[in-house]
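>>> Provided below are the primary sequence and the corresponding predicted coordinates.
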Amino acid sequence: MLLEPVAEEEKKYEYLYHIADAKFRAYGDTLEKAFGNAALAMFNVMTETANLKHEMIKQVELTSHDIERLLVDWLSELLYLFEVEGIIFGKFEVGSIKKDEDGFSLKANAWGENIDLSTHHFDTQVKAVTYHELEVKKNDVYCVQVVLDT
Amino acid sequence: MPEEIKIDARSILKKVNDYTWDIPQDYKAGMRVPGRIFVSAPLLASLEHDTIEQTANVATLPGIQKYAMAMPDAHTGYGFPIGGVAAFDRETGIISPGGVGYDINCGVRIIRTNLTADEVRPGMKELIERLFHEIPSGVGSKSKLRASDRELTDAFLHGAKWAVESGYGTDGDLKHCEENGYMDAADPSKVSEKARKRGKPQFGTLGSGNHFLEVQYVDRVYDDKVAEVFGLSKGQVTVMIHCGSRGAGHQICTDHLGILEKATRKYGIALPDRQLACAPAESPEGQAYFGAMASAANYAWANRQVITHWVRETFTNFFGRDTDELGMELVYDVAHNVAKLEEHTINGKKRMVYVHRKGATRSFPPGHPDVPEAYRKVGQPVLIPGSMGTPSFVLHGRQEAMELTFGSACHGAGRVASRAAAKREFRGETIQKELADAGISVRATHPSVIAEEAPAVYKASEDVVDVVHQLDIARKVVRVMPLGVAKG
């Protein structure tokens, strides 16, 4: 596996204060990267993903009527795959996010490994991806904000 | 990580009495009724600004009756605050998953035994270890139930009744369960394949987070007469189960929020928060959600019933006495995340309303037909779980609840610190040791789970319960203290 160089100054995501749930902002110089980093932020609420092997791959294709909804649907789909397929993901590549008459669509790949409770230790369970304080913005870079129900 | 900026809630709220504070209707554009927050002075001091905002947001929804309310344990959620209660007129009002939450019919049940604390204490560590192993919990845990598709559909349709008919309990359990163990509004055809797939392997699991299974004992009796009616007495060991509808409920909420988002636009409903996506209660979209929500609620009742059966089995094996000998009867089971169609008297007129309780417990008074016959003279048992290592309470419903809160009370302690803050501040091993020194055995999948749920991150359950007691919407019957806790 080749290690991708990551610029020191590039902040992928940060967690924000929320009393009961998990709130984060994820960044990217493209919208696609911000979506990928949002997925990384979500899985890191549950467990440390840095050392996961990228031996399983899942493809995700989605269309949603607006961009915020696409973000919720993207993360919800990954959560579904996590629970049903039993894969913990640690790497994401979101292809180009397109807009057409149906709304916004994306194609993405997610890599990870099969859950093994003897080696993976989970902190917080993410129940769902909420619409609360949901944001997709572009300033210097793209910034997406999500509150997870935990 | 920036901490929340505290505001002076008094600058917004208007005091009605020592335990009641109103959000004026002109606080926010679009409010159809005022907001009403039931807190004492100390709880008011820890009230978050967003809890007020979210309560005000609920007040803008069509068909809302009297007040958008927040119980004393309220804290910021999404859509409704946690601890939010609102009733919407059946004809002119809406129904919203934002008023129920993702963990549909998260709830609590309490089982009595005829064991005493002194009998159980010496073997507690071993007993909690066995319970931890017999009842799967934690992220990624799989059930030993292995339900078929048909059984899953039956559980969606008939809840705890399905479980009892399948050998997981007795008819007595159903009589002592809210809704007798199932809502007949369930419509499994409105449950997606995805929700079924998430729900199936998790059917018969406790979950994680604040969910727990606790062995407790009655350490204080406030009302001897009512305690006797509930079959509770000082020193007696009880078991409490706190869990919900698992991935099935989470997915049902996610799916129907999507459908209702479209409906919100279709019906031209203006919303201050997307999480409040809703539809007219009796519209096809509204009823589709209600049918799916009731299916999840039934799944949760079936789940708690199956877990109850395994608790009984574990006790039977451990003590070498059968369930009857151990007197392991269900006292009651309450839902604290649910919407129900109920009859309430509003301005002197009887009306059917969809009461949404999100982190709130039903508190029906003496004489109400929905209270089990055995308890009808005193009102329903209102079960208020504490956080890990802190006391829980059994109260009884009062008439005042029908006047003030559409028959509702608080649901628990309510968080005062985030999970992240808890993990920064506490080490699970230390908390576990402190609790052990206090005579409470805690068994969890990992120490961080214990840190996240450390007693200090919750409001004191006494403070919360005292408010509902003082308001007379539910009155204290007994307090139970933990002996052992198993959590995911």
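Sure thing, it's come through. Just so it is clear, the structure is predicted and the values come from calculations on it, not from any experiment. Numbers count the residues shown, from 1 in each chain, chains lettered A, B, ... in the order given.
>>> Chain neighbours aside, what residue packs nearest to residue A:60?
Excluding the flanking residues, the one nearest residue A:60 by C-beta to C-beta, 6 or more residues apart in numbering or on different chains is residue A:108, at 4.7 Å. (C-beta placed from N, C-alpha, C; glycine too.)
>>> Could you report the neighbour count for that neighbour?
21 (other C-beta atoms under 10 Å in any protein chain shown).
>>> Could you identify the helix or strand that succeeds the helix or strand where it lies?
Assigned by DSSP states H and E, residue A:108 falls within strand A:103-114. Beyond strand A:103-114 on the C-terminal side, the first helix or strand identified by DSSP H and E is strand A:128-129.
>>> on contacts alone, who are the packing partners of that next one?
Contact analysis of strand A:128-129 by 3 or more C-beta pairs under 8 Å, 6 or more residues apart in numbering or on different chains; DSSP states H and E lists helix A:67-85, strand A:142-149, helix B:246-266 as its packing neighbours.
>>> How much space separates residue B:228 from chain A?
Distance, residue B:228 to chain A, using C-beta to the nearest C-beta, to the nearest Å: 37 Å.
>>> Assign that residue to helix, strand or coil.
Assigned with DSSP: H, G, I helix; E, B strand; the rest coil, residue B:228 falls in the helix class.
>>> Please report the confidence value the model assigns to it.
pLDDT recorded at residue B:228 is 98.
>>> about what we covered before: let me have the helices and strands packed on strand A:128-129 in a markdown table, extended by mean pLDDT, distance to residue B:176 and mean neighbour count.
A markdown table is the format used below for those (pLDDT from 0 to 100; distance: least, C-beta to C-beta, whole Å; neighbours: other C-beta atoms under 10 Å in any protein chain shown):
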| stretch | mean pLDDT | distance to residue B:176 | mean neighbour count |
| --- | --- | --- | --- |
| helix A:67-85 | 97 | 32 | 21 |
| strand A:142-149 | 96 | 30 | 22 |
| helix B:246-266 | 96 | 23 | 25 |
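>>> re the thing from before, tell me which strands and helices the strand holding residue A:108 is in contact with?
Partner elements for strand A:103-114 (3+ C-beta pairs under 8 Å, 6+ apart): helix A:31-46, strand A:56-64, helix A:67-85, strand A:87-94, strand A:98-100.
>>> The helix or strand hosting residue B:356 pairs with which strands, and in what direction?
When elements are assigned from DSSP H and E, residue B:356 belongs to strand B:349-358. Strand pairing for strand B:349-358, determined by DSSP bridges: strand B:80-89 (antiparallel), strand B:337-346 (antiparallel).
>>> can those strands go into JSON lines with extra columns for mean neighbour count and mean pLDDT?
Shown next, in JSON lines, are these (neighbours: other C-beta atoms under 10 Å in any protein chain shown; pLDDT from 0 to 100):
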{"stretch": "strand B:80-89", "mean neighbour count": "29", "mean pLDDT": "97"}
{"stretch": "strand B:337-346", "mean neighbour count": "20", "mean pLDDT": "98"}
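>>> Tell me which helix or strand in chain B has the weakest average pLDDT.
helix B:419-425 (a mean of 83; mean pLDDT, DSSP states H and E).
>>> Tell me the buried residues in the strand holding residue B:356?
Applying a neighbour-count criterion of 16 or more other C-beta atoms under 10 Å in any protein chain shown, one finds B:351, B:353, B:354, B:355, B:356, B:357, B:358 buried in strand B:349-358.
>>> residues in contact with residue B:288?
Counting by C-beta atoms under 8 Å, 6 or more residues apart in numbering or on different chains, residue B:288 makes contact with B:187, B:190, B:256, B:259.
>>> helix/strand/coil for it?
helix.
>>> Now do the same for it: its pLDDT.
Residue B:288 is given a pLDDT of 98.
>>> Quickly note the distance from the residue nearest the centre of chain A to chain B.
The residue lying closest to the centre of chain A (C-alpha atoms, centre = their mean) is residue A:39, at 0.9 Å. Note on residue A:39: its distance to chain B, by C-beta to the nearest C-beta, is 16 Å.
>>> So that residue sits against residue A:76, correct?
No - counting by C-beta atoms under 8 Å, residue A:39 stays clear of residue A:76, with 11.0 Å between them.
>>> rewinding a little: could you list the residues in contact with the strand holding residue B:356?
Outside strand B:349-358, the residues touching it (C-beta under 8 Å, 6+ apart) are B:65, B:77, B:79-90, B:93-96, B:98-101, B:281, B:290, B:335-346, B:406-408, B:411.
>>> Next, the residues that contact stretch B:91-99 from outside, please.
Here stretch B:91-99 makes contact (C-beta under 8 Å, 6+ apart) with B:58, B:61-65, B:78-80, B:84, B:86-88, B:253, B:256-257, B:260, B:269, B:273, B:275-282, B:286, B:289-290, B:293, B:339, B:353-354, B:356, B:358.
>>> Can you show me the CA trace of that stretch as CSV?
The C-alpha coordinates for stretch B:91-99 follow below in CSV (Å, rounded to 0.1, in the frame of the first residue of the first chain):
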residue,chain,number,x,y,z
GLU,B,91,-57.2,17.0,12.0
THR,B,92,-55.2,20.2,11.8
GLY,B,93,-51.8,19.1,13.2
ILE,B,94,-48.7,17.3,12.1
ILE,B,95,-46.7,14.2,13.0
SER,B,96,-42.9,14.4,13.0
PRO,B,97,-40.1,11.9,13.5
GLY,B,98,-38.2,14.9,14.9
GLY,B,99,-40.5,14.6,17.9
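>>> and it, average pLDDT?
On average, stretch B:91-99 scores 97.
>>> cool, and stretch B:196-213?
Mean pLDDT, computed over stretch B:196-213, is 93.
>>> Output it as PDB - backbone C-alpha positions only.
As requested, the backbone C-alpha atoms of stretch B:196-213 are provided in PDB (Å, rounded to 0.1, in the frame of the first residue of the first chain):
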ATOM      1  CA  ARG B 196     -35.300  -4.900   8.400                       C
ATOM      2  CA  LYS B 197     -31.700  -5.800   7.600                       C
ATOM      3  CA  ARG B 198     -30.300  -3.600  10.300                       C
ATOM      4  CA  GLY B 199     -32.900  -4.800  12.800                       C
ATOM      5  CA  LYS B 200     -32.700  -8.500  12.300                       C
ATOM      6  CA  PRO B 201     -29.200  -9.300  13.600                       C
ATOM      7  CA  GLN B 202     -29.700  -6.800  16.500                       C
ATOM      8  CA  PHE B 203     -33.000  -8.200  17.600                       C
ATOM      9  CA  GLY B 204     -32.300  -9.300  21.200                       C
ATOM     10  CA  THR B 205     -29.400  -7.000  21.900                       C
ATOM     11  CA  LEU B 206     -29.100  -4.200  24.400                       C
ATOM     12  CA  GLY B 207     -27.200  -1.700  22.300                       C
ATOM     13  CA  SER B 208     -24.700   0.800  23.700                       C
ATOM     14  CA  GLY B 209     -24.400   4.400  24.900                       C
ATOM     15  CA  ASN B 210     -26.700   5.100  27.800                       C
ATOM     16  CA  HIS B 211     -28.500   1.700  27.500                       C
ATOM     17  CA  PHE B 212     -28.000  -0.600  30.400                       C
ATOM     18  CA  LEU B 213     -29.100  -3.600  32.400                       C
END
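>>> Say whether chain A is contacted by it.
Yes - interface with chain A: stretch B:196-213 contributes B:197, B:198, B:201, B:202, B:207, B:208, B:209 (C-beta under 8 Å from any C-beta of the partner chain).
>>> how about that stretch: buried residues?
So stretch B:196-213, judged by 16+ other C-beta under 10 Å, has buried residues B:196-213.
>>> cool, stretch B:281-292 as well?
B:281, B:282, B:283, B:285, B:286, B:287, B:288, B:289, B:290, B:291, B:292.
>>> okay, the angle between the helix or strand hosting the fourth one and helix B:246-266?
Assigning secondary structure by DSSP H and E places residue B:285 in helix B:284-319. Here helix B:284-319 runs at 170 degrees with respect to helix B:246-266, directions being taken by axes from the mean of the first three to the mean of the last three C-alpha atoms, to 10 degrees.
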